[in-house]
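1. sharing a sequence plus its predicted fold:
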Amino acid sequence: MPVNTWRGRAVLFALLSLLAGLCALLSLAIGAQNIAFDEVWRALVAPESSDEHVIVRTLRVPRTLVGLAVGAALGLAGALIQGHTRNPIADPGLLGVSAGAAFGVVLSIYALDLRLPGGYVWFAFAGALAASVVVFLLGASGRGRSTPVTLALAGAAVSALLGALTSALVLLDPDSLDGFRFWAAGSLAGRGNDVLFPLLPFLLLGTVLAFANAPALNSLGLGEDVARTLGLHVGRARVTGVAAVTLLAGAAVAAAGPIGFLGLIVPHLARAATGPDHRSLLPASALLGASVLLLADVAGRLAAPPGELQVGIVLAAVGAPFFIHLIRRRRLVAL
């Protein structure tokens with residue numbers, strides 16, 4: 001049952017923050033070499049030159065920070081895009097973000113032979129931004145303003161076109177497939193500060209725009225006509241929301257690859273606890289998204305030791321049946 005009081009929501013946010021902290025601790029402790037929790041703590045507050053401390057500080061801390069940022073961004077972007085499109089099965093990829101980022105990665109590998117995440121991350125982000133801008137311009141053409149339906153149709157068309165171009169490049173140069181398929185699976189492995197820090201300003205700006213967009217989303221939930229009578233500039237609210245989704249999802253996909261189902265499922269779980277008020281839904285989705293992504297990453301490390309399954313594969317394996325169950329059991333929480 002959704003919480004309806006500020007005290008209840010404060011308790012909810014405290015619990016979600018605690019959950020995110022526990023998931024981060026698990027991410028630091030579990031892997032090819034498990035490390036005791038007390039040793040993890042010592043590595044953080046009083047580091048030494050032991051192998052365990054080096055693993056925690058140089059490998060797992062950056063990876064965990066990337067996981068927290070990417071999970072929060074995708075959860076937040078998912079709640080935004082579902083609110084703006086009034087579509088309970090919308091996800092951040094609806095605006096062509098994933099397809100644009102994938103094309104940017106393949107193009108950078110094909111043309112510039114960039115193989116490391118730190119090298120092609122900017123091309124992924126540029127592709128995601130460019131695709132989203134094209135989708136928005138196409139969706140706004142005609143009568144001069146975008147609607148949820150035109151955005152969805154434009155997103156589907158642009159994604160199909162970019163998917164075909166990406167496949168063509170991969171077929172032209174089979175060597176590109178090796179670098180692309182690892183990114184396309186969605187993974188936190190090998191992602192560190194060199195990937196996170198350049199994208200952090202865009203993630204922060206997207207978060208600010210998302211929270212600023214929350215009151216407008218509440219008004220739009222009453223219908224566009226009612227929102228206009230309440231003094232809302234609908235076009236401005238749409239642009240702000242699309243910009244936030246583009247920055248958040250574009251940076252997240254550029255950093256970790258196209259991770260599916262997270263931005264689709266997390267808003268439904270958060271909405272079941274907070275209700276439809278986006279002032280509570282958005283931060284809850286961010287916290288829950290970070291927790292879910294880290295848990296999936298830990299599960300991937302435990303699934304195939306001493307190797308690991310990419311987090312995108314884990315979320316696809318768990319997320320698809322869970323979402324089907326959600327549809328059959330609850331008929332989705334109403335938007």
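-> Yes, it's here. Numbers count the residues shown, from 1 in each chain.

2. mind listing the strands for the stretch 151-300 of the chain?
-> Taking DSSP state E, counting those that start in this stretch, the stretch 151-300 of the chain contains no strands at all.

3. check the stretch 1-150 of the chain too.
-> Applying DSSP E, counting those that start in this stretch to the stretch 1-150 of the chain gives no strands.

4. low-confidence ranges, it, go.
-> 1-4, 142-146 (pLDDT under 70).

5. so what's the residue nearest the centre of the chain up against?
-> Centroid-nearest residue in the chain, with C-alpha atoms, centre = their mean: Leu74, separated by 1.9 Å. Contacts here follow C-beta atoms under 8 Å, 6 or more residues apart in numbering; on that basis Leu74 touches Pro92, Leu248, Ala249, Ala252, Ile259, Leu262, Gly263, Val266, Gly289, Leu293. Any C-beta I mention is one placed from the backbone N, CA and C, and that applies to glycine too.

6. which one is Ala256 nearest to, not counting chain neighbours?
-> Once flanking residues are discounted, Ala256 sits nearest to Val70: 4.7 Å by C-beta to C-beta, 6 or more residues apart in numbering.

7. and the one you found, what does it touch?
-> Counted by C-beta under 8 Å, 6+ apart, Val70 has contacts Leu188, Ala252, Ala255, Ala256, Ile259, Leu293.

8. quick one, what contacts the second one?
-> Ala252 makes contact with Ala69, Val70, Ala73, Leu74, Ala77, Pro92, Leu203, Ile259, according to C-beta under 8 Å, 6+ apart.

9. I'd like the distance between it and Arg279.
-> Noted for Ala252: a distance of 22 Å to Arg279, by C-beta to C-beta, to the nearest Å.

10. do the first one as well
-> Plainly put, Leu188 is 30 Å away from Arg279 if you go by C-beta to C-beta.

11. with the last one instead?
-> Remark: distance between Leu293 and Arg279 (C-beta to C-beta) = 23 Å.

12. more neighbours, these two?
-> Leu293 (33 against 13; other C-beta atoms under 10 Å).

13. touching, that one and Gly260? I think so.
-> No. Using C-beta atoms under 8 Å as the test, Leu293 is too far from Gly260 to be in contact (11.7 Å).

14. quickly list what's touching both of the two.
-> Common contact partners of Leu293 and Gly260 (C-beta under 8 Å, 6+ apart): Leu315.

15. coming back round to it: among the contacts of Val70, which are located in helices?
-> Ala252, Ala255, Ala256, Leu293 (DSSP state H).

16. find the nearest non-adjacent residue to the last one, please.
-> The spatial neighbour of Leu293 that comes closest, neighbours along the chain excluded (C-beta to C-beta, 6+ apart), is Gly71 at 3.1 Å.

17. again with the first one
-> With sequence-adjacent residues excluded and distances taken as C-beta to C-beta, 6+ apart, Ala252 is closest to Ala73, at 4.1 Å.

18. okay, that neighbour and Arg271: tell me how far apart.
-> For Ala73 relative to Arg271 (C-beta to C-beta), the value is 18 Å.

19. can you list the ones in helices among the contacts of Val70 in CSV and add pLDDT and distance to Ala20?
-> As requested, those are exported to CSV (pLDDT from 0 to 100; distance: C-beta to C-beta, whole Å):
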residue, pLDDT, distance to Ala20
Ala252, 91, 16
Ala255, 88, 18
Ala256, 89, 17
Leu293, 96, 10
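
20. which two from these end up farthest apart in space?
-> Ala255 and Leu293 (11.4 Å; C-beta to C-beta).

21. tally of neighbours for Leu116?
-> Count around Leu116 with other C-beta under 10 Å applied: 11.

22. oh sorry, the question was meant for Arg328
-> Using other C-beta under 10 Å, the number of residues around Arg328 comes to 8.

23. in the strand or helix carrying it, which residues are buried?
-> Here Arg328 sits within helix 311-330, counting by DSSP states H and E. For helix 311-330, burial by neighbour count (16 or more other C-beta atoms under 10 Å) applies to Val311, Gly312, Ile313, Val314, Leu315, Ala316, Ala317, Val318, Gly319, Phe323, Leu326.

24. now those in JSON lines, with distance to Ala160 and pLDDT?
-> Below are the buried residues of helix 311-330 laid out as JSON lines (distance: C-beta to C-beta, whole Å; pLDDT from 0 to 100):
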{"residue": "Val311", "distance to Ala160": "26", "pLDDT": "91"}
{"residue": "Gly312", "distance to Ala160": "21", "pLDDT": "89"}
{"residue": "Ile313", "distance to Ala160": "24", "pLDDT": "89"}
{"residue": "Val314", "distance to Ala160": "27", "pLDDT": "92"}
{"residue": "Leu315", "distance to Ala160": "23", "pLDDT": "91"}
{"residue": "Ala316", "distance to Ala160": "20", "pLDDT": "88"}
{"residue": "Ala317", "distance to Ala160": "25", "pLDDT": "88"}
{"residue": "Val318", "distance to Ala160": "27", "pLDDT": "84"}
{"residue": "Gly319", "distance to Ala160": "23", "pLDDT": "80"}
{"residue": "Phe323", "distance to Ala160": "22", "pLDDT": "75"}
{"residue": "Leu326", "distance to Ala160": "27", "pLDDT": "66"}
